[in-house]
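Engineer: pasting the sequence and the predicted coordinates here, then a few questions.
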Amino acid sequence: MKKTISLFMAVVFIVAMFGCATNNSNQQGGMVYGAAGGAAIGALIGGDWLGALIGAGAGLVLGGVIGSAIDQETERKAKIEAARSNERVVYYTEGGNQAVESTPMASTRTNCTKVRTKIIDNGKVIKDVIEEVCKGSKSTNTY
């Protein structure tokens, strides 16, 4: 009976977490879904609230790390694509609340292109960075 109540409470927690998941980034979404999944698994394995809490904590951290890596990869891809195509590139999150916008700037005489990357969340710029993306190849194994 105690295991059934714990499992029921974990399911209620998961439904509540998914209902509140207004994902603005993969990191935030990963944290929500990781915590919900971790709570369910923890409740099933541990059979009590302690197991659910431990699982939720572990899932929160793991989901956040994975989501953050996906966000960083999206920024990197946008910068490289903008530098190669010399055109503005925009990637949107699944919900459409957040965008990664990379715009190439005036090129220099080097093999590098300056790219301005903005992270836009619900119409507000939350990050604005200018970086150089260099095209080059290494032909020897020395510097």
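Structural biologist: On my side now, so go ahead. Residues are numbered from 1 along each chain as shown.
Engineer: which residue ranges of this structure form strands?
Structural biologist: Using DSSP state E, the strands found in the chain span residues 89-92, 98-104, 112-121, 124-134.
Engineer: which of these sits most buried?
Structural biologist: Highest mean neighbour count of those: strand 98-104, a mean of 20 (counted as mean count of other Cβ atoms under 10 Å). Placement of C-beta: from N, CA and C, glycine included.
Engineer: quick one, that strand and strand 124-134 angle?
Structural biologist: When axes from the mean of the first three to the mean of the last three Cα atoms, to 10 degrees is applied, the directions of strand 98-104 and strand 124-134 differ by 40 degrees.
Engineer: and strand 98-104, which strands flank it?
Structural biologist: In the sheet, strand 98-104 lines up against strand 89-92 (antiparallel), strand 112-121 (antiparallel) (DSSP bridges).
Engineer: so where do the helices sit in the chain?
Structural biologist: 2-19, 26-46, 49-85 (DSSP state H).
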